[in-house]
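Participant: structure for the following, please:
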Amino acid sequence: MQKMSTYNGAALKNYSWAQTAFETSAQFEVPAGTKGKDLEVEIKPKHLKIKIKSTGKVLCDGEMYEKIKAEDSYWSLEDGKYINITMEKAYEAIWKCLIIGDDEIDPKKVDNSKRVDEFDIET
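Facilitator: Numbers count the residues shown, from 1 in each chain. Predicted coordinates:
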């Protein structure tokens, strides 16, 4: 596994993120050999928290730019090296950042095109 694409997002100091109009994803590096049970992950409609239980190190604890559908969001651990989080946006939008206070991107430079399967049936 390698670092994720930062399509329509950015690579920041402690994580990378990407987005489409409908979902956003983030990737945080964790110490090698980390297991799922070592992590405390809270995905709430407007808040994301990731903590390594054994060390107490907090990888993320902040308010997200916009709301997500927490019940349709999930996380996975890849190769014991990265935690990947996929979150469905509450509504179609392009975000300037994932966590408020982090570096922002210019939303005017984002590829806002849609795949054919993202349009409703009538379109």
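Participant: and the next element down the chain from the longest strand seen in the chain?
Facilitator: When the chain is parsed with DSSP state E, its longest strand is strand 68-78. Moving toward the C-terminus from strand 68-78, the next helix or strand (DSSP states H and E) is strand 82-89.
Participant: okay, the angle between that following strand and strand 68-78?
Facilitator: 160 degrees (axes from the mean of the first three to the mean of the last three Cα atoms, to 10 degrees).
Participant: which elements pack onto strand 82-89?
Facilitator: Counting contacts by 3 or more Cβ pairs under 8 Å, 6 or more residues apart in numbering; DSSP states H and E, strand 82-89 packs against strand 23-29, strand 39-44, strand 47-52, strand 68-78. Using the backbone N, CA and C atoms, a C-beta is placed for each residue, glycine as well.
Participant: thinking again about what came up before, average pLDDT across the longest strand of the chain?
Facilitator: Across strand 68-78, the average pLDDT comes to 96.
Participant: mind listing what that strand pairs with, with the direction of each?
Facilitator: Strand 68-78 has the following strand partners under DSSP bridges: strand 82-89 (antiparallel).
Participant: what comes up buried for the strand it pairs with?
Facilitator: 82, 83, 84, 85, 86, 87, 89 (16 or more other Cβ atoms under 10 Å).
Participant: surely the first one and residue 29 touch.
Facilitator: Think residue 82. Yes - Residue 82 sits in contact with residue 29 when judged by Cβ atoms under 8 Å, with a separation of 5.9 Å.
Participant: report the buried residues of the longest strand of the chain.
Facilitator: 68, 70, 73, 75, 77.
Participant: just the residues contacting that strand, thanks.
Facilitator: 1, 24, 30, 34-36, 39, 41, 43-46, 83-90 (Cβ atoms under 8 Å, 6 or more residues apart in numbering).
Participant: kindly export it (C-alpha atoms) in PDB.
Facilitator: C-alpha atoms of strand 68-78 as PDB (Å, rounded to 0.1, in the frame of the first residue of the first chain):
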ATOM      1  CA  ILE A  68     -21.000  14.000   6.800                       C
ATOM      2  CA  LYS A  69     -23.300  11.000   7.000                       C
ATOM      3  CA  ALA A  70     -21.500   9.300   9.900                       C
ATOM      4  CA  GLU A  71     -23.500   6.100   9.600                       C
ATOM      5  CA  ASP A  72     -22.300   5.700   6.000                       C
ATOM      6  CA  SER A  73     -18.700   6.400   6.800                       C
ATOM      7  CA  TYR A  74     -16.000   3.800   7.700                       C
ATOM      8  CA  TRP A  75     -12.400   3.300   8.300                       C
ATOM      9  CA  SER A  76      -9.800   0.600   7.600                       C
ATOM     10  CA  LEU A  77      -6.300  -0.100   8.600                       C
ATOM     11  CA  GLU A  78      -3.900  -0.900   5.700                       C
END
